[in-house]
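> Sequence first, then the predicted structure, then my questions.
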Amino acid sequence: MNNRIRELAKKAGFSTELSEAVATRHNTTSAFEKFAELIVLECAKLVDQDWHVSGAELREHFGVEK
């Protein structure tokens with residue numbers, strides 16, 4: 001798992017160690033890691049469509065207030 005994703009997950013209250021242990025034991029990607037990847041892919045898609053997309057537009061897209 002990417003260190004930045006791990007840091008953000010910890011900040012959000014996730015227990016990354018447990019998620020990683022379960023995922024490793026079952027040879028799968030943890031659900032929260034997959035969720036983080038999907039968010040990153042969605043952001044990348046928006047930027048690819050319009051390189052000048054702003055932080056405000058990304059927050060609006062996801063319904064997140066500053």
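Received the coordinates, thanks.

> in this structure, which segments are predicted with low confidence?
By pLDDT under 70, the low-scoring segments of the chain are 1, 16, 18-23, 26-29.

> spatially speaking, which residue is in the middle of it?
Of all residues in the chain, the one closest to the mean position by Cα atoms, centre = their mean is residue 36, 2.1 Å from it.

> mind listing what that residue touches?
Contacts of residue 36 were listed using Cβ atoms under 8 Å, 6 or more residues apart in numbering, and they are 5, 8-9. (Glycine included, C-beta is placed from N, CA and C.)

> Filter those down to just the buried residues.
Taking 16 or more other Cβ atoms under 10 Å as the criterion, what is buried in those is 5, 9.

> got the contacts of residue 36 as CSV, with secondary structure and distance to residue 24 columns?
Listed next are those as CSV, based on DSSP: H, G, I helix; E, B strand; the rest coil; distance: Cβ to Cβ, whole Å:
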residue, secondary structure, distance to residue 24
5, helix, 16
8, helix, 20
9, helix, 16
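
> Quick check: closest non-adjacent residue to residue 14.
With sequence-adjacent residues excluded and distances taken as Cβ to Cβ, 6 or more residues apart in numbering, residue 14 is closest to residue 32, at 5.6 Å.

> Residue 24 versus that neighbour, what's the distance?
As for residue 32, its distance to residue 24 is 14 Å (criterion: Cβ to Cβ, to the nearest Å).
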